[in-house]
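Visitor: Output the structure for:
(one chain, ligands or ions: 1)
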Amino acid sequence: MSLDQALIEKITSEILAKMQVGKVQSCQEDGIFETVDEAVAAARIAYEQLRKLSLEKREKLIQAIRDASYENAEILAKMAVEESGMGRVADKIIKNQMAALKTPGTEDLTTTAWSGDQGLTLVEMGPYGVIGAITPTTNPTETVICNGIGMIAAGNSVFFSPHPTAKNTSIWIIKLLNKAIVKAGGPNNLLTSVAEPSITAANAMMKHPGINMLVATGGPGVVKAVLSSGKKAIGAGAGNPPVIVDETADIEKAARDIIAGCSFDNNLPCIAEKEVIAIGSIADELINYMQKYGAYLISGSAIERLLEVVMTVKEEKIAEGCTEKSKKSYGINKDYVGKDAKYILSKIGIDVPDSIRVVLCETPADHPFVIEELMMPILPVVQVKDIDAAIELAVKVEHGNRHTAAMHSKNVDNLTRFAKAVETTIFIKNAPSYAGIGVGGEGFITFTIAGPTGEGLTSPRSFTRQRRCVLVDAFSII
Ligand code: NAD
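Guide: Predicted structure coming up:
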């Protein structure tokens, strides 16, 4: 009787296991599933299979991701611009290519060892398991390439939760990379997602017991959501990078660099220059040079008209003693995020040639263009009297994001003072902002910059767990 019972249980569990595998395989082998449950289950199987492969093989899979991403950089860029309606194809091609080439692989994983009288102790970087990665609409393909390489190099599989406005592009690249991985001899479904990405699906993923770690690349809402999840989470949040130009800078070079950084992919990168703080004595010269390098200067009522077009405004009544005061709060009009300067200017009746890449304006320090993260090629310039005022304002408008700041100066003391005061994850001196992620500057690239949780520029090691292995009284040969 007990034997029969055992047999029944064995057969039942075999059937269930087959059903589970069958369910996953019948859905797809390219990583896209109907439900979060199916996608997480498939990613779990892929993770277990990846664990059985050597590091050398893992690196071959990474190379396959690099090759497929690089070869398809242009089509991915076109799809992203077409679907999201944001950014510039030429710049997105560069971002995709750089993500493919400069995201670190397994070489980023290191071992720490102690040896001595009592033997040998190692600390190694092991995988988490299945990572839930939430990606932004502003960098849809770059983030999948960069997170895909980094997370798999660390030995994990990934469930991607893309922004719904870039869902087709995101699904397309997930399928593309899975095919490349399988062709290189890797498991199916190392990268997964659902056919209809949504905030509901993202929330289900965050709560799913099969997800071991969360990585959110996006605005403050999603960073807060992952940090409240109860799981280990990396939060790569919003920025509002200020750039200071002091009187010792090479003003023409500063102007050229700022326009190049600010206009790159129509200001979508979270690291892109969002407002300029210029010492009064060089501000006019800087503005003149910026116009030489592709900025169009507007003033007076044109700035007001632009504000009405690209921003939303809410007016609240606030009680102050016996009287009521009204307070305005501003948000961004998403229709203009990542749009060309020419298009934005056309909406206020100004026609400019295609060569214009940035809308430039002088504003007071508390203007909404300075305070809000616009992610549009609109660059406010604020004049201040000296470096003290510049640093104070820059720290204020960075809002404690600890994200990115830049400065053009030849005064080492000024550079050091600002870098110390602003406490950002990335600080760029005398270069366009993108130098801060290794484009025209030294160092590796990432599209997930974790200021709030402190991992900084994420790489494979960010997606690992530290594991200690101790052997007593042997293996030390000193
Ligand atoms: P977003 O915050 O609207 O969306 C980001 C992702 O989070 C999307 O996939 C979205 O679907 C999801 N999401 C948003 N709110 C959520 C919630 N409450 N619960 C679950 N999921 C949620 O941002 P976006 O417009 O796609 O991207 C732009 C923002 O991302 C900017 O603020 C930019 O600075 C930031 N960003 C930061 C980095 C970085 O590395 N720090 C990189 C790129 C973009």
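
Visitor: And stretch 133-144, end to end?
Guide: Its first and final residues considered, stretch 133-144 spans 9 Å by C-alpha to C-alpha, to the nearest Å.

Visitor: check contacts around residue 397.
Guide: 240, 242, 275, 365, 370-371 (C-beta atoms under 8 Å, 6 or more residues apart in numbering). Heads up, the C-betas are built off the backbone N, CA and C, glycines and all.

Visitor: Mind doing that once more with 7 Å?
Guide: Applying C-beta atoms under 7 Å, 6 or more residues apart in numbering, we find residue 397 in contact with 240, 242, 275, 370-371.

Visitor: could those be laid out in JSON lines, adding neighbour count and secondary structure?
Guide: As requested, the contacts of residue 397 are exported to JSON lines (neighbours: other C-beta atoms under 10 Å; DSSP: H, G, I helix; E, B strand; the rest coil):
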{"residue": "240", "neighbour count": "20", "secondary structure": "coil"}
{"residue": "242", "neighbour count": "28", "secondary structure": "strand"}
{"residue": "275", "neighbour count": "28", "secondary structure": "strand"}
{"residue": "370", "neighbour count": "22", "secondary structure": "helix"}
{"residue": "371", "neighbour count": "17", "secondary structure": "helix"}
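
Visitor: Return only those of the residues you listed found close to the ligand.
Guide: Subset of the contacts of residue 397 in contact with the ligand: empty, counting by C-beta under 6 Å from any ligand atom.

Visitor: Please identify which of those is nearest to the ligand.
Guide: Distance to the ligand across these (C-beta to the nearest ligand atom) is lowest for residue 240, with 8.1 Å.

Visitor: The closest one against residue 398, yeah?
Guide: Yes. Using C-beta atoms under 7 Å, residue 240 is in contact with residue 398, at 6.0 Å.

Visitor: Find residues that contact each of the two.
Guide: Joint contacts of residue 240 and residue 398 (C-beta under 7 Å, 6+ apart) do not exist.

Visitor: can you tell me which residues contact the residue in the chain that the ligand sits nearest to?
Guide: Nearest to the ligand in the chain, going by C-beta to the nearest ligand atom, is residue 218, at a distance of 2.5 Å. With C-beta under 7 Å, 6+ apart as the criterion, the residues that contact residue 218 are 134, 136.

Visitor: and it, what pLDDT?
Guide: With respect to pLDDT, residue 218 scores 98.

Visitor: What values do phi and psi take at it?
Guide: With angles defined as degrees, to the nearest 10, residue 218 sits at phi 170, psi -160.

Visitor: same thing with residue 477?
Guide: The phi/psi pair for residue 477 (degrees, to the nearest 10) reads phi -110, psi 10.

Visitor: Quick one: name the residues of the stretch 201-350 of the chain near the ligand.
Guide: The stretch 201-350 of the chain comes close to the ligand at residues 202-203, 217-219, 221-222, 225, 236-239, 270, as judged by C-beta under 6 Å from any ligand atom.

Visitor: Using ChimeraX, define a selection of the buried residues within those residues.
Guide: Applying 16 or more other C-beta atoms under 10 Å to these, the buried members can be selected in ChimeraX as follows:
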select :202,217,218,222,225,236,237,238,239,270
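
Visitor: Tell me which two in the residues of the stretch 201-350 of the chain next to the ligand are the farthest apart.
Guide: 203 and 239 (24.7 Å; C-beta to C-beta).

Visitor: tell me, how many neighbours does residue 456 end up with?
Guide: 15 (other C-beta atoms under 10 Å).

Visitor: residues contacting the nearest residue to it once chain neighbours are set aside?
Guide: Sequence neighbours aside, residue 425 is the residue nearest to residue 456 in space, at 5.2 Å (criterion: C-beta to C-beta, 6 or more residues apart in numbering). Going by C-beta under 7 Å, 6+ apart, residue 425 touches 402-404, 449, 451, 456.

Visitor: same thing with residue 179?
Guide: Residues near residue 179 by C-beta under 7 Å, 6+ apart: residue 30.

Visitor: hmm, 10 Å instead?
Guide: Residue 179 makes contacts with 29-31, 64, 68, 188, as judged by C-beta atoms under 10 Å, 6 or more residues apart in numbering.

Visitor: Can you tell me which of the contacts of residue 425 is nearest residue 163?
Guide: The closest of the contacts of residue 425, once distances to residue 163 are taken by C-beta to C-beta, is residue 449, at 17.3 Å.
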